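**Student:** got a sequence here, can you build the structure:
(4 chains)
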Number of protein chains: 2
Amino acid sequence: MDQNKIPQATAKRLPLYYRFLNSLHQQGKNRVSSNELSDAVKVDSATIRRDFSYFGALGKKGYGYNVEYLLGFFRKTLDQDELTEVALVGVGNLGTAFLHYNFLKNNNTKIVMAFDADPDKTGTDMDGVPIYHIDDLEEKIGDVRVGILTVPSDEAQRITNRLSNYGMEGILNFTPARVTVPPGVRVHHIDLSIEIQALVYFLKHYPLNV
Amino acid sequence: MDQNKIPQATAKRLPLYYRFLNSLHQQGKNRVSSNELSDAVKVDSATIRRDFSYFGALGKKGYGYNVEYLLGFFRKTLDQDELTEVALVGVGNLGTAFLHYNFLKNNNTKIVMAFDADPDKTGTDMDGVPIYHIDDLEEKIGDVRVGILTVPSDEAQRITNRLSNYGMEGILNFTPARVTVPPGVRVHHIDLSIEIQALVYFLKHYPLNV
DNA sequence: ATGATATTGTGAAACGCGTCACGACGTATG
DNA sequence: CATACGTCGTGACGCGTTTCACAATATCAT
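**Tutor:** Now for the predicted structure:
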């Protein structure tokens, strides 16, 4: 587990690099410099070089990085070969957006089932993903260890309890509720309304240097 | 503009505090300590105290914070900023989720118009927000300076160009595309697929200390 | 009143991260 | 082969943020 040394900030950028390297590869490019990459992904080139350097010396001075080599390396590092199954809870608009989103494209995660409380939605498929009733959560969940929470916020804690009681290890919480979980469960919050407010706040108070 | 002194990290937490204080107030609670608050919003209590301290001494030692007083204070601090109007581009599932979301609740931003390329959607209202055709963007946009981008990713750059040509200052980009903008335009990226991959990566490589 | 208890506000230290700047080293060219 | 050039990898620095830890001070109970 020597990857513990990789900074979290770097880890969050890896999928971005991977995705872009893939598209480079498809374009037939087999060489790329940190500067080109920087233009494309909008990350400072020094940051990119430092990020890569955590994995060792992947590039060649005076040349850059070999796209194919880098891709192969990241594929292994990011475990792109093993698929992670994900369950989605709450098939509202946001949940539906996720279901329609093609997570398999350059991606190692797949939504394999969804849950909702609305009987009109349950029993059906959406883009090949079965939608079960929320009452059947425990029965259907199986080995899935990662969940996406897109339910109304007053349901968030209750559903979270059920998920974590059933061995869920990671939850991506899109509700504004700050849920409490037992130790060992990792929750990431994405609070859309806060993101907008933050953008507005920065615009007003932290003008870009132009 | 003395809020320039407030750290960005603090600024991003303010809406969170405000939202939770509101719910405390509705529960009739009139006193809260940084530790209680910490449990609820999952932010270290020392961080909360430091955040509050940027606004002066709001609490009482040995007692905590008076909920009503704190609320009143934040209301002035946050809401004295007038309402910010936002335009949404791309009324797919994700865009629809935003339109249905009540951004006015404890919030100083409001989506006032939306755009889409689908003639079936344009000309109608959604929760009181008019949906115009994307071709009328320049004509309708008016003074709006903040945009939410929920279009297909291969449209992202083109729409971004049109928005920034028309004086847009802030863009919240939900597409995976990393768009290029003129100087002076601020773009925040929220990349849903990266968020999932990051969660999975952390689960595998950064086990929680249990 | 008095002592026990609770909780703030904040210096100071620790941390994580991004950026600069440059030596090292490989490639490209004539 | 020699020289010019390009690009990496990284030591060092600095900034913004979090966390520690505790004096100061208020409350609470008797």
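
**Student:** buried sites along stretch A:178-186?
**Tutor:** A:178, A:179, A:181, A:185, A:186 (16 or more other C-beta atoms under 10 Å in any protein chain shown). C-beta: built from backbone N, CA, C; applies to glycine.

**Student:** I'd say the second one and residue A:157 touch.
**Tutor:** Yes - proximity of residue A:179 to residue A:157 meets the contact threshold set by C-beta atoms under 8 Å, at 5.3 Å.

**Student:** near chain B, anything from the longest strand seen in chain A?
**Tutor:** Across chain A, the longest stretch assigned as strand under DSSP state E is strand A:109-116. Yes - residues of strand A:109-116 contacting chain B under C-beta under 8 Å from any C-beta of the partner chain: residue A:109.

**Student:** off-centre distance for that strand?
**Tutor:** Offset of strand A:109-116 from its chain centre (C-alpha atoms, centre = their mean, to the nearest Å): 14 Å.

**Student:** contacts for the very next helix or strand once past that strand next, please.
**Tutor:** Elements were assigned by DSSP states H and E; along the chain past strand A:109-116, the next helix or strand is strand A:125-126. Strand A:125-126 is contacted by residues A:91, A:96, A:99, A:100, A:114, A:131 when judged by C-beta atoms under 8 Å, 6 or more residues apart in numbering or on different chains.

**Student:** quick one: which of those residues is most hemmed in?
**Tutor:** Within those, neighbour counts (other C-beta atoms under 10 Å in any protein chain shown) peak at residue A:114, which reaches 28 neighbours.

**Student:** so that one sits against residue A:132, correct?
**Tutor:** Yes - contact criterion C-beta under 8 Å: residue A:114 and residue A:132 qualify, at 7.2 Å.

**Student:** what angle do the helix or strand of chain A with the lowest mean pLDDT and strand B:109-116 make?
**Tutor:** Taking mean pLDDT, DSSP states H and E as the measure, helix A:192-205 is the helix or strand of chain A with the lowest mean score, a mean of 87. Computed by axes from the mean of the first three to the mean of the last three C-alpha atoms, to 10 degrees, the angle separating helix A:192-205 from strand B:109-116 equals 100 degrees.

**Student:** how near is the residue of chain A most remote from its centre to residue A:44?
**Tutor:** Largest separation from the mean C-alpha position in chain A: residue A:62, at 33.9 Å (C-alpha atoms, centre = their mean). Applying C-beta to C-beta, to the nearest Å, the value for residue A:62 to residue A:44 is 20 Å.

**Student:** same deal with residue A:114?
**Tutor:** Separation of residue A:114 from residue A:44 (C-beta to C-beta): 39 Å.

**Student:** ok, now residue A:184?
**Tutor:** 36 Å.

**Student:** my guess is residue A:191 contacts residue B:13, does it?
**Tutor:** No - when contacts are counted by C-beta under 8 Å, residue A:191 is not listed as touching residue B:13 (10.6 Å).

**Student:** and for the closest residue to residue A:58 other than its chain neighbours, the neighbour number?
**Tutor:** Leaving aside its sequence neighbours, residue A:58 sits nearest to residue A:52 (C-beta to C-beta, 6 or more residues apart in numbering or on different chains; 5.1 Å). The number of residues packed near residue A:52 is 21, by other C-beta under 10 Å.

**Student:** near DNA strand C, which residues of chain A are found?
**Tutor:** By C-beta under 7 Å from any atom of the strand, the residues of chain A that approach DNA strand C are A:7-10, A:44, A:46-47, A:49-50, A:60-63.

**Student:** of these, which is the nearest to residue A:121?
**Tutor:** Residue A:121 lies nearest to residue A:8 out of the residues of chain A next to DNA strand C, by C-beta to C-beta, at 36.1 Å.

**Student:** you'd agree the closest one is up against residue B:201?
**Tutor:** No - if you go by C-beta under 8 Å, residue A:8 and residue B:201 don't touch, sitting 9.5 Å apart.

**Student:** what about these two, which has more around it?
**Tutor:** Taking neighbours as other C-beta under 10 Å, residue A:8 and residue B:201 compare with residue B:201 leading, 23 against 12.

**Student:** can you tell me which residues contact the more buried one?
**Tutor:** Shown in contact with residue B:201 (C-beta under 8 Å, 6+ apart): A:11, A:14, A:15, A:78, A:79.

**Student:** from DNA strand D, how far off is the first one?
**Tutor:** Applying C-beta to the nearest atom of the strand, to the nearest Å, one obtains 17 Å for the distance of residue A:11 from DNA strand D.

**Student:** what do you get for the third one?
**Tutor:** According to C-beta to the nearest atom of the strand, residue A:15 stands 19 Å off from DNA strand D.

**Student:** name the nearest residue to that residue, ignoring sequence neighbours.
**Tutor:** Distance criterion C-beta to C-beta, 6+ apart; nearest residue to residue A:15, sequence neighbours excluded, is residue B:197 at 4.2 Å.

**Student:** who are the contact partners of the one you found?
**Tutor:** For residue B:197, the contact set (C-beta under 8 Å, 6+ apart) comprises A:14, A:15, A:78, A:107, A:108, A:109.

**Student:** quick one: the helices in chain A?
**Tutor:** With helices called from DSSP state H, chain A shows them at A:8-26, A:34-41, A:45-53, A:67-77, A:93-100, A:137-140, A:153-165, A:192-205.

**Student:** residue B:28 is nearest to which of those?
**Tutor:** Closest approach to residue B:28 among these (C-beta to C-beta): helix A:153-165, 18.2 Å.
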